[in-house]
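S.K.: Quick one, structure for this:
(chains A and B)
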Amino acid sequence: MSALFDVLTENIDEFGGGLWVTLRLVGGAFVIAIVVGTFVAALRIAPSAWLRRLGGIYVETFRNIPLLVLLTLSYAGLRRAGVEIGTWTAGIASLGLYTAAYVAEVLRSGVFAVSKGQIEASLSLGFSYAQTLRRIVLPQAFRTVIPPLGSITIAMIKNSAIVGASIIALGDLLKNARIVQSDTFKTEESFIWAAAGYLVLTVAATIAFRFLERRLAISR
Amino acid sequence: MGYLVDPDNWEWLITARNARFILEGFLVNVQIALIAMVFSLILGLGLALLRLSRARAVSTATGLWIDLWRNLPLILMILYLAIALPEPWRDAYESAAPGFLPDVLQTGRVFAALLALVLYNSAVLAEIMRAGIQSLDRGQGEAAAALGMSYAQRMRLVILPQGLRRMVPATISQLITLNKDTTLVSIIGIQEVMRHGRILTGNNFFGGVQAPLLQVLIFIGALFIVVNLLLSRLSRRLEIRERERTGTTPEPVSGVEDQLAVATAD
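M.R.: Predicted structure coming up:
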């Protein structure tokens, strides 16, 4: 047992540094996913058929393409084409844009969960379309989508491990654990600590979203 | 934009055996996905039934097993098993792998990849199936019991057909995810579509035209998009057919948005 902890304490810089890189990666991608996802969801419910189609193309493309293809494409692919993009930008953008497609779908379903009668009532009370969306629909939509948003965030934390394993090779938690493994040949220990790090992050995300859910829950 | 659509940069696609080489790689991904799908669905159903067992210990232990594999990054498991899978297991796989599989799929490395894919996906699918079964009205099982059906009969004839049908969309979403995840096995050196793509761009592989990486990756991405769109269309078809056959609209499963999000976001 102490051998297990020795691997952690002797390589605390690698594990700690890796965890910090993973955390920044996930944080950056989360912001992009929410912003782009909300925008795409708005396109998906827009009054114009062309805009809806545009949103649909975004969702179908980014949801059906493997993340590894996106990561390789945004870094090595663009580099070969003469567009120099840094490792951080490529990693955060790929993970964020990929996740945004899922966020958009969840937000859209949240909007549809708001009953039509409420929208009609609001319009007949003299609210404009924009006011109805901002004051009636969106606040309720965001609340109903908090649990699935939590699931998406957890999936994104797990997916972030692909960034370090891809050609981008950012020194994230998994990448650094593999470096420790090849330096020390302590295979089980290295991977157990990496797994523990990801579990800490996913459990933290679960707790945070549960807290949000309780704070914002609609009492019916 | 000019670079992207410049015909010179797409010439590789119609040159020599390039396109065929990519498709051969993609076929390896499809085969890995199919094998992993079959085993994940079977194991997933088994896990779901154990999870719903009335024996507290069995249910708790299965729950822990499912949560363990569901919450680890898949790529971590693939990389770990590629290093740590014991030699005898690899050998056993190599000698047991059926001869009709292509040579790439007969190596011990593929066993590590398949094991990781099945452990992960069976856990996720078990949760989806459990949610479907639990969403059924309790009266269904009680009525079947009142009619004198045994546990096995109730499951086989009443509960599973209804419960699993409700979860077809979520299950197919997860299979799409599995499909995409097969690219991860390139990281442990299995010669599939990503590796084939890199080979084409590495040098003048089949002579003549060097393939630009960006265009090769766009082509590979398009292959996945097409296959996955076909899968989701199949899911919608099944749903519509079901609605027409039974004349009912499928009841929404509470908490299913969450399950769907889990299934689709990985």
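
S.K.: List the buried residues for the top helix by length along chain A?
M.R.: The longest helix of chain A (DSSP state H) is helix A:12-44. Within helix A:12-44, the residues that count as buried by 16 or more other CB atoms under 10 Å in any protein chain shown are A:14-15, A:18-19, A:21-26, A:28-30, A:32-34, A:36-44. The C-beta positions use only the backbone N, C-alpha and C, and glycine is treated the same way.

S.K.: Likewise for stretch A:135-142?
M.R.: Buried positions in stretch A:135-142, judged by neighbour count with 16+ other CB under 10 Å: A:136-138, A:140-142.

S.K.: Among those, which are located in helices?
M.R.: Cross-referencing the buried residues of stretch A:135-142 against helices under DSSP H gives A:138, A:140-142.

S.K.: can you list these in JSON lines and add distance to chain B?
M.R.: Output for those, formatted as JSON lines (distance: CB to the nearest CB, whole Å):
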{"residue": "A:Leu138", "distance to chain B": "17"}
{"residue": "A:Gln140", "distance to chain B": "14"}
{"residue": "A:Ala141", "distance to chain B": "12"}
{"residue": "A:Phe142", "distance to chain B": "13"}
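
S.K.: Can you lay out the residues you listed as CSV showing distance to A:Val163 and pLDDT?
M.R.: As requested, those are exported to CSV (distance: CB to CB, whole Å; pLDDT from 0 to 100):
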residue, distance to A:Val163, pLDDT
A:Leu138, 31, 79
A:Gln140, 35, 84
A:Ala141, 30, 81
A:Phe142, 28, 78
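
S.K.: where's residue 79, which helix or strand?
M.R.: This is for chain A. If you go by DSSP states H and E, A:Arg79 is part of helix A:78-80.

S.K.: Chain B was what I was after
M.R.: Assigned by DSSP H and E, B:Leu79 belongs to helix B:74-84.

S.K.: So is the helix or strand just after that helix next to chain A?
M.R.: Proceeding N to C from helix B:74-84, the next assigned helix or strand is helix B:87-96, under DSSP H and E. No: applying CB under 8 Å from any CB of the partner chain, one finds helix B:87-96 separated from chain A by no less than 13.9 Å.

S.K.: Show me the contact partners of helix B:87-96.
M.R.: Helix B:87-96 has contacts (CB atoms under 8 Å, 6 or more residues apart in numbering or on different chains) with B:106-112.

S.K.: give me that answer again for 6 Å
M.R.: Defining contact as CB atoms under 6 Å, 6 or more residues apart in numbering or on different chains, one finds that helix B:87-96 is touched by B:108, B:111.

S.K.: cool, stretch B:122-137 as well?
M.R.: By CB under 6 Å, 6+ apart, stretch B:122-137 touches B:40, B:43-45, B:47-48, B:51, B:66, B:69-70, B:162-164, B:166-167, B:170-171, B:174, B:253, B:259, B:263.

S.K.: per-residue confidence at A:Asn68?
M.R.: Heads up, residue A:68 is Leu, not Asn. A:Leu68 is assigned a predicted lDDT (pLDDT) of 96.

S.K.: swap in B:Thr62?
M.R.: Taking B:Thr62 on its own, its pLDDT is 95.
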